[in-house]
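A.B. asks: here is a sequence together with a model predicted from it:
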Amino acid sequence: MIKGKIHSLESFGTVDGPGIRFVTFLQGCPLRCQYCHNPDTWDKNRAVKYEYTPQELLEEVLRYKSFIRNGGVTLTGGEPLVQAEFAREYFRLCREAGLHTALDTSGAICNEQTLAVLDYTDLLMLDIKALDEALCRKVCGSDGRNALRYLDEAQKRGVKVWIRHVVVPGLTDDDEQLDRLVEYLKGYPVVEKIEWLPYHTMGVFKYEQLGLPYPLKDVEPLSAERIKTIRERYKDVFPVQK
């Protein structure tokens, strides 16, 4: 029996996909992003509050079906592909129940099992850390090639994609790198839009609770003016398709 290790649940999510969504945060992640605000999700073997089978999680979701009927369900983390078998079966059941499915992932794990999650994924929300391999390693400890392979597969299958990219002062806040990313993504018709996410420090307290050093302790949050400028610069590149 497949059981998912679940860090937390959000029954009325509004920032992880279109509409109001039931968001499930799965435990476990192979990356160590410098700006991660959920370090408590890293360890897959960490004790969690919830352990559900895919069917049990669906039954919990269906309690809110009237609220999410114009939204759907989202799997995030952590990294949901750490628990790919659970994710695929849960999405299969959600599809049968008429629910829109969104996968929020870094694409860090790319193999036959993780790609199979796309069989029942309506929207892929792919977090690309950086195109430059050296910069990507600095950001998260991985060269990012698997994320691009995952994007290739979404293109082959015709799965809609929203790209997510965190803009960090002194790290990923670089016009040349941002331009390069946008130019690269123009080659993927399935990409509907890019979500430019400003770096914030809301997760710092978790590092303190876990006794972990915070990698970006001297970095200020990205200014509202800067993220507005970035969004304006690229707003016409990937208009959302209605």
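C.D. replies: Received the coordinates, thanks.
A.B. asks: isn't there a helix covering residue 92?
C.D. replies: Yes - under DSSP: H, G, I helix; E, B strand; the rest coil, residue 92 sits within a helix.
A.B. asks: give me every residue that touches it.
C.D. replies: Applying CB atoms under 8 Å, 6 or more residues apart in numbering to residue 92 gives the contacts 54, 119, 120. For every residue, glycine as well, the C-beta is placed using N, CA and C.
A.B. asks: any idea how far it is from residue 101?
C.D. replies: Note on residue 92: its distance to residue 101, by CB to CB, to the nearest Å, is 9 Å.
A.B. asks: which residues do these two both contact?
C.D. replies: By CB under 8 Å, 6+ apart, the residues touching both residue 92 and residue 101 are residue 120.
A.B. asks: so which helix or strand takes in residue 178?
C.D. replies: helix 175-185 (DSSP states H and E).
A.B. asks: so which bits of that helix are buried?
C.D. replies: 177, 178, 181, 182, 185 (16 or more other CB atoms under 10 Å).
A.B. asks: next: stretch 42-55.
C.D. replies: Under the neighbour-count criterion of 16+ other CB under 10 Å, stretch 42-55 has 42, 44, 48, 50, 52, 53, 54 buried.
A.B. asks: cool, and stretch 141-153?
C.D. replies: Using 16+ other CB under 10 Å as the test for burial, stretch 141-153 gives 142, 143, 144, 146, 147, 148, 150, 151.
A.B. asks: from those, which is closest to residue 22?
C.D. replies: residue 150 (23.3 Å; CB to CB).
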